[in-house]
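Visitor: Any chance you could fold what I've pasted below:
(6 chains)
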Number of protein chains: 6
Amino acid sequence: MDDQDRERIEKIISDRKKAHTYFLNNSEVYRSFVEMEQKAYSDGELEKKYKELIAIGISIIINCESCLEWHIKQALESGATEEQIIEAIEVGMEMGGGPATVSSRFALKVLNYYRDR
Amino acid sequence: MDDQDRERIEKIISDRKKAHTYFLNNSEVYRSFVEMEQKAYSDGELEKKYKELIAIGISIIINCESCLEWHIKQALESGATEEQIIEAIEVGMEMGGGPATVSSRFALKVLNYYRDR
Amino acid sequence: MDDQDRERIEKIISDRKKAHTYFLNNSEVYRSFVEMEQKAYSDGELEKKYKELIAIGISIIINCESCLEWHIKQALESGATEEQIIEAIEVGMEMGGGPATVSSRFALKVLNYYRDR
Amino acid sequence: MDDQDRERIEKIISDRKKAHTYFLNNSEVYRSFVEMEQKAYSDGELEKKYKELIAIGISIIINCESCLEWHIKQALESGATEEQIIEAIEVGMEMGGGPATVSSRFALKVLNYYRDR
Amino acid sequence: MDDQDRERIEKIISDRKKAHTYFLNNSEVYRSFVEMEQKAYSDGELEKKYKELIAIGISIIINCESCLEWHIKQALESGATEEQIIEAIEVGMEMGGGPATVSSRFALKVLNYYRDR
Amino acid sequence: MDDQDRERIEKIISDRKKAHTYFLNNSEVYRSFVEMEQKAYSDGELEKKYKELIAIGISIIINCESCLEWHIKQALESGATEEQIIEAIEVGMEMGGGPATVSSRFALKVLNYYRDR
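Guide: Residues are numbered from 1 along each chain as shown, chains lettered A, B, ... in the order given. Model prediction:
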């Protein structure tokens, strides 16, 4: 992957960390959000892995690059394969048409980024 | 469930059928869409059931009632449990906040509708 | 077309009229909006007809039923054919995937409504 | 206001109550959401009233009728005047163009509904 | 704040100026839009400051960085405090879930940018 | 136009090419999408040029920069004039308000990019 793409992904990661620290310290609303987030993605009747794949599909539809970076990483760490992530992206394409194919490009970059590491 | 909710769900189903027939006969673009749809939801590295759960999460986010009716039915027929569908909805809540809790109400109605049958 | 669909379309029309009167009388912001609207859809380098078709494509993507009713009527009155409106809807399908096929159903109802009259 | 509009608003209210009870009993994610909601709308540096007006502006943009019903009621109960609510809607129009004028119609109905009571 | 963030904010500002000049000179539609904008944000029953906070909440939901830059600046100049802006962002989080926490990061950068100046 | 804008447009073009190749080779869903796309934009009752203008209006509303780059190029190659493209953007402004004026800035850059070449 080219340097520009790598830097963009790493900027997303460092931006998230900084804002996360700020909001954890300053926002009760955010702290409840984090609690909600932890519950939403923990293993239940559906394993975490599948929940992350749902979030990937949603991220494709709303074109949220930071969400794609996060949920693809989480999916990989929960045992999802690249092929399964691609199939989640394909569901996003069916639900989002042309603009979803644009979001999908960033998803590919994130997959490359974590494959290289 | 009350009659009004049942009628609304059944109107969605009959509207879809009518429009599907019209577009199949009149639109090449739609026929390619249907082909894309069939490929997107067939078993792959990810079973159809999980793909339908992804589509449910997306439908919660975009508040598409017809999509919810369709993908919840497909998920149930592919072996998803009600609990798994609720957990897919919860991912939608995390990704969509308050408005996603509104879409979730319709999802509950669809679950009731298919449980009664 | 069935009575329920006809009533829904006519409710949209009467709701628009009532709110239009209210906001014209009470909102300077709305009056500027109406001015912007009139300019946006008047004949220019692009005839009004084609501008209405653009608005139809947008309405499919954002699933705005009232917008579909309005812009399909305007398109027909500006000389667009049903076939051209269907092709504008098809562009919407390409840009919106599955959920756009849902919005398209309402567009068909509006076409039927104005054909019958 | 006509009966159809009144019934639609009351259906929204009863649907919310039913789903709220269900999710409170069955979803930890939802319980965290409710906690987040309570914190987000409590008096702070900004009074609850102004926070509800922000939510009204957002609801206009995303065309969430249930959100409009809820936040308009909350705004009125927190001391917002009808004129202030109309001005929040106007901000929504500036940020949302034509489709926001459609959402605004439902907001007017909600205002009428609570004025009558 | 880091240089990259500062440059991004300043690029937004200079892009807006250039396009504003172009459209003012070339588009009647845009001129009506600007008129609508001025009316929407002028003091009324609601002070400009609160209207800008509504626009911030909306900008969080639609993830519009240029809107965040503009409306945060306007809010600060109209007398809103940083704490009030954070609370407007929190309403956005409640209405937008995870993706709204992503938009919020950019809002923090804009707050830093104007604090430094 | 400045170098930064040119590089951004050229990055979009090269990103699209790379992802297009990947998905063509690896995704049946994407191949059906491409088929749908080709049908959606071919001459019919509506010439390709007008279909591209519809896609431009949609792209303004959803703020899809890659879509703007693609459809503006296609529109120009199909015989649309700059004035017609600006009028399509104006329809987008009417349907999208303030945030659409933000997307419009990128559209201007794309117009400049292709005018220079």
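Visitor: contacting residues around the closest residue to chain C within chain A?
Guide: Closest residue of chain A to chain C, CB to the nearest CB: A:G97 (3.7 Å). Placement of C-beta: from N, CA and C, glycine included. By CB atoms under 8 Å, 6 or more residues apart in numbering or on different chains, the contact list for A:G97 reads C:M93, C:E94, C:M95, C:G96, C:G97, C:A100, F:F33.
Visitor: 6 Å instead?
Guide: Counting by CB atoms under 6 Å, 6 or more residues apart in numbering or on different chains, A:G97 makes contact with C:E94, C:M95, C:G96, C:G97.
Visitor: What pLDDT does the model give the last one?
Guide: Reading off the per-residue confidence, C:G97 sits at a pLDDT of 98.
Visitor: re the thing from before, tell me which element the residue of chain A closest to chain C falls in.
Guide: Element membership for A:G97 (DSSP states H and E) is helix A:82-116.
Visitor: Could you figure out how far that helix is turned away from helix C:82-116?
Guide: Angle between the axes of helix A:82-116 and helix C:82-116 is 130 degrees (criterion: axes from the mean of the first three to the mean of the last three CA atoms, to 10 degrees).
Visitor: In helix A:82-116, which residues are buried?
Guide: Neighbour counts over helix A:82-116 (16 or more other CB atoms under 10 Å in any protein chain shown) mark A:82, A:84-114 as buried.
Visitor: Can you name the residues of chain A sitting close to chain B?
Guide: A:36-37, A:40, A:44-46, A:50-51, A:53-55, A:57-58, A:61, A:83-84, A:87-88, A:90-91, A:94-95 (CB under 6 Å from any CB of the partner chain).
Visitor: separation between the residue of chain A closest to chain C and A:I62?
Guide: 14 Å (CB to CB, to the nearest Å).
Visitor: Next: A:R8.
Guide: Going from A:R8 to A:I62 by CB to CB gives 18 Å.
Visitor: Show me which residues of chain A sit near chain C.
Guide: Proximity of chain A to chain C, by CB under 6 Å from any CB, involves residues A:E94, A:M95, A:G96, A:G97, A:G98.
Visitor: 10 Å instead?
Guide: Residues of chain A lying near chain C by CB under 10 Å from any CB of the partner chain: A:I61, A:V91, A:G92, A:M93, A:E94, A:M95, A:G96, A:G97, A:G98, A:P99, A:A100, A:T101.
Visitor: right, and out of the residues you listed, which lies closest to E:V29?
Guide: The closest of those to E:V29 turns out to be A:P99 (CB to CB; 24.0 Å).
Visitor: Find the nearest non-adjacent residue to the closest one, please.
Guide: Using CB to CB, 6 or more residues apart in numbering or on different chains and skipping residues adjacent in sequence, the residue nearest A:P99 is F:C64, 4.8 Å away.
Visitor: A:K49 too?
Guide: Distances taken as CB to CB, 6+ apart put A:S78 closest to A:K49, at 3.9 Å, once the chain neighbours are dropped.
Visitor: contacting residues for that neighbour?
Guide: A:Y41, A:D43, A:E47, A:K48, A:K49, A:Y50, A:K51, A:E52, A:L53 (CB atoms under 10 Å, 6 or more residues apart in numbering or on different chains).
Visitor: Can you select the buried ones from those in PyMOL?
Guide: For the buried members of the contacts of A:S78, the matching PyMOL selection, counting by 16+ other CB under 10 Å, is:
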select buried, chain A and resi 41+47+48+49+50+51+52+53
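Visitor: Throw the contacts of A:S78 into CSV and include distance to A:H20, pLDDT and secondary structure, thanks.
Guide: What follows is the contacts of A:S78, written out as CSV (distance: CB to CB, whole Å; pLDDT from 0 to 100; DSSP: H, G, I helix; E, B strand; the rest coil):
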residue, distance to A:H20, pLDDT, secondary structure
A:Y41, 15, 98, coil
A:D43, 23, 98, coil
A:E47, 25, 98, coil
A:K48, 20, 98, helix
A:K49, 23, 98, helix
A:Y50, 25, 98, helix
A:K51, 20, 98, helix
A:E52, 18, 98, helix
A:L53, 23, 98, helix
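Visitor: Between all of the contacts of A:S78, which two are separated the most?
Guide: Comparing all pairs in those by CB to CB, the longest separation belongs to A:D43 and A:L53, at 13.7 Å.
Visitor: Check which helices and strands the helix or strand hosting A:C67 is in contact with.
Guide: Per DSSP H and E: A:C67 is located in helix A:65-77. Using 3 or more CB pairs under 10 Å, 6 or more residues apart in numbering or on different chains; DSSP states H and E as the contact definition, the elements that helix A:65-77 packs against are helix A:3-26, helix A:48-62, helix A:82-116, helix B:82-116, helix E:82-116.
Visitor: Find the nearest non-adjacent residue to the residue of chain A most remote from its centre, please.
Guide: Distance from the C-alpha centroid of chain A, by CA atoms, centre = their mean, peaks at A:N26 (24.4 Å). Spatially, and ignoring its direct neighbours in sequence, A:N26 is nearest to E:I86 (6.9 Å; CB to CB, 6+ apart).
Visitor: How about A:D116?
Guide: Per CB to CB, 6+ apart, closest to A:D116 is A:M1, 6.7 Å.
Visitor: what's near enough to touch A:S42?
Guide: Neighbouring residues of A:S42 by CB under 10 Å, 6+ apart: A:K48, A:K51, B:E87, D:E28, D:V29.
Visitor: circling back: measure the residue of chain A closest to chain C to A:I60 for me?
Guide: A:G97 sits 11 Å away from A:I60, going by CB to CB.
Visitor: Same question for A:I89.
Guide: To A:I60, A:I89 is 6 Å away according to CB to CB.
Visitor: intersection of neighbour lists for these two?
Guide: The contact lists of A:I89 and A:I60 share A:L68, A:G96, A:A100, A:T101, A:S103, A:S104, A:A107, B:I54, where a contact means CB under 10 Å, 6+ apart.
Visitor: so who does the residue nearest to A:L76 when sequence neighbours are not counted touch?
Guide: Leaving aside its chain neighbours, A:L76 sits nearest to A:Y114 (5.7 Å; criterion: CB to CB, 6+ apart). Shown in contact with A:Y114 (CB under 10 Å, 6+ apart): A:I9, A:E69, A:I72, A:K73, A:A75, A:L76, A:E77, A:E82.
Visitor: Dump these to TSV, plus pLDDT.
Guide: Below are the contacts of A:Y114 laid out as TSV (pLDDT from 0 to 100):
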residue	pLDDT
A:I9	98
A:E69	98
A:I72	98
A:K73	98
A:A75	98
A:L76	98
A:E77	98
A:E82	98
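Visitor: Make a PyMOL selection of the buried ones in these.
Guide: The PyMOL selection below is limited to those of those classed as buried (16+ other CB under 10 Å):
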select buried, chain A and resi 9+69+72+73+75+76+82
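Visitor: Name the residues of stretch A:33-45 that are buried.
Guide: By neighbour count on 16+ other CB under 10 Å, the buried set for stretch A:33-45 is A:F33, A:V34, A:E35, A:M36, A:E37, A:K39, A:A40, A:Y41, A:G44.
Visitor: any residues touching stretch A:18-31, and which ones?
Guide: If you take CB under 10 Å, 6+ apart as the criterion, stretch A:18-31 is touched by A:33-34, A:66, D:32, D:35-42, D:44, E:2, E:83, E:86-87, E:89-94, E:101-102, E:104-109.
Visitor: same thing but at 6 Å, please
Guide: With contact meaning CB under 6 Å, 6+ apart, stretch A:18-31 is reached by D:M36, D:K39, D:A40, E:E90, E:M93, E:R105, E:L108.
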